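Undergrad: Next one to model:
(one chain, ligands or ions: 2)
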Amino acid sequence: MARIDLDLAHAYGPNPRSDEDYALLPLRFTFDDGGAYALLGPSGCGKTTLLNCISGLLRPSQGTVSFDGRDVTGHSPQERNIAQVFQFPVIYDTMTVGQNLAFPLRNRGVPAAQVRERVGQVAEMLDLSAVLDRQASGLSADAKQKISLGRGLVRHDVAAILFDEPLTVIDPHLKWQLRRKLKEIHREFHLTLIYVTHDQTEALTFADQVVVMSRGKAVQVGTADALFERPAHTFVGHFIGSPGMNFLSARWRDGWIELAGRRYAPPADRAIAQRLQAAGTFKIGVRPEYLRLARPDDEQAVPAVIERAQDIGTYWIAAARLQHNDAGAGADGLDNSPLLRARLGDEAAALRPGETAWLSVFHRHTCYYVDEELVR
Ligand SMILES: Nc1ncnc2c1ncn2[C@@H]1O[C@H](COP(=O)(O)OP(=O)(O)OP(=O)(O)O)[C@@H](O)[C@H]1O
Ligand SMILES: [Mg+2]
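TA: Ligands and ions are numbered 1, 2, ... in the order given. So this is what the prediction gives:
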């Protein structure tokens with residue numbers, strides 16, 4: 001397994017001029033040896049491009065890729081010694097399941113006894129033992145993709161295993177099982193795993209470190225916890241979480257935070273307060289999980305008109321529109337009546353559309369954003 005250092009950018013077309021011409025903007029990043037990573041982001045943000053630069057399927061138009069300090073930029077996937085699993089099964093239909101699993105080992109001249117042992121282990125991990133002698137062509141799409149996964153996992157001596165949305169064709173229950181399996185395999189063998197997905201649940205349950213990407217850029221790298229608690233960019237706040245983070249436009253005025261025509265005490269952290277003062281206008285970010293019902297006489301509470309409250313099963317999601325203090329809502333040029341979402345307990349059952357609820361917005365979980373970037 002290898003440590004992978006990237007210092008690169010990629011444009012598919014010649015002579016890139018503006019940021020839009022780049023599939024990957026200049027990026028410097030290290031994947032630690034033995035780490036489990038996810039590349040997470042919406043369609044078209046550059047996940048596959050990045051993965052292919054790592055594997056060697058694609059040569060970045062600028063910069064370098066190094067494995068353990070060795071420049072491999074010009075090397076093929078074979079030379080880099082990478083295993084890659086794609087979205088759709090890549091297997092030999094004319095071979096049996098066992099032969100398919102053995103192929104990457106036989107190809108490398110691994111002795112037959114070792115091949116048998118390793119194929120047996122991988123088949124066991126993926127519940128393929130019972131079909132080892134079956135022809136691959138007759139199997140379901142699920143089973144075929146499991147073979148693809150097995151072929152990716154069968155070698156111990158690869159520099160890294162890369163997965164590009166490998167569970168897309170797998171049914172939801174099996175998906176969950178396989179994700180857990182991959183996690184187990186990672187724990188057992190300390191492989192460097194890089195896993196591409198646009199599904200946050202998949203990324204957050206699989207990876208120790210999630211690289212959140214947006215439009216050719218890695219906007220934040222962090223643990224599930226860090227992405228949830230301290231999104232570095234409003235994009236991450238929106239993208240991670242279900243529903244995503246609430247953002248309220250506010251401004252600094254005479255030592256107070258002005259929000260929807262009301263005054264609130266600024267954050268106790270002096271450095272943050274100074275940044276907000278310097279910026280003048282900013283956004284307040286609060287996760288639905290941290291919006292709580294407050295009492296109307298709570299000076300730090302924000303009034304909002306309930307639009308609906310929905311029972312999701314184990315919790316409620318209430319949607320409420322921030323209520324402006326005066327008739328001139330929005331007159332100050334800020335988007336002052338966003339729809340806020342709060343994740344609440346059974347207390348939400350009593351909320352009626354049209355009534356005003358008071359929400360606590362300011363507490364230690366509250367984040368502040370200037371120009372979409374987290375103020376630290
Ligand atoms: N071979 C190519 N030639 C030209 N442009 C490409 C090529 N492959 C990808 N792109 C462009 O590069 C950008 C990044 O694409 P990429 O496939 O890396 O995104 P992705 O995050 O993997 O998306 P998805 O989730 O849909 O797989 C997109 O704008 C895409 O249109
Ligand atoms: Mg892709």
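Undergrad: C-alpha from now on. contacts and neighbour counts both.
TA: OK.
Undergrad: can you list contacts of stretch 367-375?
TA: The set of residues external to stretch 367-375 that reach it, using Cα atoms under 8 Å, 6 or more residues apart in numbering, is 230-235, 272, 275-276, 279, 281-286.
Undergrad: Take the residues you listed and keep only those in helices.
TA: Per DSSP state H, helices hold the following members of those: 234-235, 272, 275-276, 279.
Undergrad: A strand includes F362, no?
TA: No - F362 is assigned coil when assessed by DSSP: H, G, I helix; E, B strand; the rest coil, not a strand.
Undergrad: Now it: closest residue in space that isn't a chain neighbour?
TA: Q300 (6.7 Å; Cα to Cα, 6 or more residues apart in numbering).
Undergrad: From ligand 1, how far out is V131?
TA: From V131 over to ligand 1 the distance is 31 Å, taken as Cα to the nearest ligand atom, to the nearest Å.
Undergrad: How many neighbouring residues does that residue have?
TA: As a burial measure, V131 scores 15 neighbours (other Cα atoms under 10 Å).
Undergrad: what bridges to the most centrally placed residue in the chain?
TA: Central residue of the chain (Cα atoms, centre = their mean): L40, 3.6 Å from the mean position. Listed by DSSP bridges, the beta-bridge partners for L40 are T197, V212.
Undergrad: and the gap between it and A218?
TA: Per Cα to Cα, to the nearest Å, L40 is found 9 Å from A218.
Undergrad: who touches both of the two?
TA: Counting by Cα under 8 Å, 6+ apart, the shared contacts of L40 and A218 are 211-212.
Undergrad: any idea how far S337 lies from V131?
TA: Note on S337: its distance to V131, by Cα to Cα, is 59 Å.
Undergrad: next one: R187
TA: Counting by Cα to Cα - R187 and V131 are separated by 26 Å.
Undergrad: Touching, the residue nearest to the centre of the chain and G216? I think so.
TA: No - the criterion here is Cα atoms under 8 Å, and L40 misses it with G216 at 11.7 Å.
Undergrad: show me the contacts for the residue in the stretch 51-200 of the chain positioned nearest to ligand 1.
TA: Residue of the stretch 51-200 of the chain nearest ligand 1, by Cα to the nearest ligand atom: H198 (6.1 Å). Shown in contact with H198 (Cα under 8 Å, 6+ apart): 40-43, 165.
Undergrad: switch to 10 Å and redo it
TA: The neighbourhood of H198, defined by Cα atoms under 10 Å, 6 or more residues apart in numbering, consists of 38-43, 45, 47, 165, 212-213, 239.
Undergrad: Show me where the stretch 101-250 of the chain has its strands.
TA: With DSSP state E, counting those that start in this stretch, the ranges of strands along the stretch 101-250 of the chain come out as 160-164, 193-197, 209-214, 217-222, 246-253.
Undergrad: Pipe the ones you listed into TSV and attach mean neighbour count, distance to P60 and mean pLDDT per row.
TA: Output for the strands of the stretch 101-250 of the chain, formatted as TSV (neighbours: other Cα atoms under 10 Å; distance: least, Cα to Cα, whole Å; pLDDT from 0 to 100):
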stretch	mean neighbour count	distance to P60	mean pLDDT
strand 160-164	24	17	95
strand 193-197	26	18	95
strand 209-214	24	17	97
strand 217-222	20	15	97
strand 246-253	21	36	96
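Undergrad: In TSV, list those along with distance to G74.
TA: Listed next are these as TSV, based on distance: least, Cα to Cα, whole Å:
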stretch	distance to G74
strand 160-164	17
strand 193-197	20
strand 209-214	25
strand 217-222	23
strand 246-253	45
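Undergrad: Kindly report the residues of the protein close to ligand 1.
TA: For the chain, the contact set with ligand 1 under Cα under 6 Å from any ligand atom comprises 12, 23, 42-49.
Undergrad: Most neighbours among those residues, which one?
TA: Most neighbours among the residues of the chain next to ligand 1, by other Cα under 10 Å: K47, with 31 neighbours.
Undergrad: Can you check the pLDDT for it?
TA: Note on K47: pLDDT of 97.
Undergrad: Please report the distance of it from S214.
TA: 9 Å.
Undergrad: Mutual contacts of these two, please.
TA: 24, 40-41.
Undergrad: one step back: which among the contacts of stretch 367-375 count as buried?
TA: By neighbour count, with 16 or more other Cα atoms under 10 Å, those hold 230-235, 272, 275-276, 281-286 as buried.
Undergrad: of those residues, closest to T96?
TA: Using Cα to Cα, F235 is the member of these that lies nearest T96, at 45.9 Å.
Undergrad: how about that closest one, what does it touch?
TA: Shown in contact with F235 (Cα under 10 Å, 6+ apart): 212-214, 219-220, 244-245, 372-373.
Undergrad: ok, now with 8 Å
TA: Applying Cα under 8 Å, 6+ apart to F235 gives the contacts 214, 372.
Undergrad: Could you pick out the longest helix of this structure?
TA: Longest helix in the chain, counting by DSSP H: helix 172-189.
Undergrad: now that one and strand 193-197, what's the angle there?
TA: Counting by axes from the mean of the first three to the mean of the last three Cα atoms, to 10 degrees, helix 172-189 lies at 160 degrees to strand 193-197.
Undergrad: How about residues contacting helix 172-189?
TA: Under the contact criterion Cα under 8 Å, 6+ apart, helix 172-189 has outside partners 36, 125-126, 167, 192-193, 202, 205-206.
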